[in-house]
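In: Sequence below, structure please.
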Amino acid sequence: MLKKLNKFSPEHILIIILLLSFLFRNGANAQKPTEYEVKTAFIYNFAKFVEWQKIADELPLCIIGDDPFGPAMKNLEGKTAAGKRIVVRNISSIEGLKKCRMLFISSSEKGRLSEITGIAKDMGILTISDTESFAEKGVVINLYMEDDKVRFEINIDAATDARLQINSRLLSLARIVHYKNKQ
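Out: Next up, the predicted model:
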């Protein structure tokens, strides 16, 4: 047994100890991602599994209403999906929809939801939210929490109305919903 230990020089042992302490320290200090960091990752992956009718050089991702993401959504800035560079924008008016291909609709927009989804549908925008019953009211993808995990539902009628092709792999992971009352 002593012979095996002698194979390691003091420098090797020091390196091993430093590596182990670094790994344990990082593991102990690693923070669990926030709910909105996880939701940001979901949104990024949604963009990879959706095909739009017409898309320019950029893939503008807009947030309308109160922004619950904080700095998390800005991490998507410059990443690519669907072969296009993502640009994140906060908008406050319906007029701003012209600059969007993906749109996160905050719960603060409940009073304008029908107007927003109607215009977004006509413009072929992928609408996303995280508010209960928004999918049944015309949002294409709605994120929700279940057992402390982020899940999502897809309104396939709304996707069809917006002329969006959603990959079957994404559909197989979603809870499928339809309009509660057809618009």
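In: can you pull the pLDDT of Y179?
Out: Y179 is assigned a pLDDT of 88 by the prediction.
In: wait, it sits on V140?
Out: No - applying Cβ atoms under 8 Å as the test, Y179 and V140 come out as separate, 11.5 Å apart. Heads up, the C-betas are built off the backbone N, CA and C, glycines and all.
In: which neighbours do these two share?
Out: Contact criterion Cβ atoms under 8 Å, 6 or more residues apart in numbering; residues shared by Y179 and V140: 155, 158.
In: Could you count how many residues lie near E58?
Out: The tally of other residues near E58 (other Cβ atoms under 10 Å) stands at 13.
In: That one touches V88, doesn't it?
Out: No - taking Cβ under 8 Å as the definition, E58 is not a contact partner of V88, at 10.6 Å.
In: which residues sit in contact with V50?
Out: 82, 126, 164-167, 170.
In: Give me the PyMOL select line for those, limited to the buried ones.
Out: Only the buried entries of these go into this PyMOL selection, using 16 or more other Cβ atoms under 10 Å:
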select buried, resi 126+164+166+170
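In: So what touches stretch 78-85?
Out: When contacts are defined by Cβ under 8 Å, 6+ apart, stretch 78-85 is touched by residues 44, 47-48, 50-52, 55-59, 86.
In: try it again with 10 Å
Out: With contact meaning Cβ atoms under 10 Å, 6 or more residues apart in numbering, stretch 78-85 is reached by 43-52, 55-61, 77, 86-88, 101-102.
In: Now do the buried residues in stretch 106-123.
Out: Using 16+ other Cβ under 10 Å as the test for burial, stretch 106-123 gives 106, 109, 113, 116-117, 119-121.
In: measure stretch 77-94 end to end?
Out: By Cα to Cα, to the nearest Å, the extent of stretch 77-94 from end to end equals 22 Å.
In: ok, for the spatially most central residue of the chain, nearest residue in space, not its chain neighbours?
Out: Central residue of the chain (Cα atoms, centre = their mean): I43, 1.6 Å from the mean position. Using Cβ to Cβ, 6 or more residues apart in numbering and skipping the chain neighbours, the partner closest in space to I43 is I128 (6.0 Å).
In: hang on, the one you found is in a strand, isn't it?
Out: Yes - checked against DSSP: H, G, I helix; E, B strand; the rest coil, I128 lies within a strand.
In: Could you check which of Y179 and V140 has the larger neighbour count?
Out: The neighbour comparison of Y179 against V140 (other Cβ under 10 Å) goes to V140, with 30 against 15.
In: could you pull out the helices for this protein?
Out: Ranges of helices in the chain, per DSSP state H, are 2-6, 10-29, 35-48, 113-122, 156-161, 168-173.
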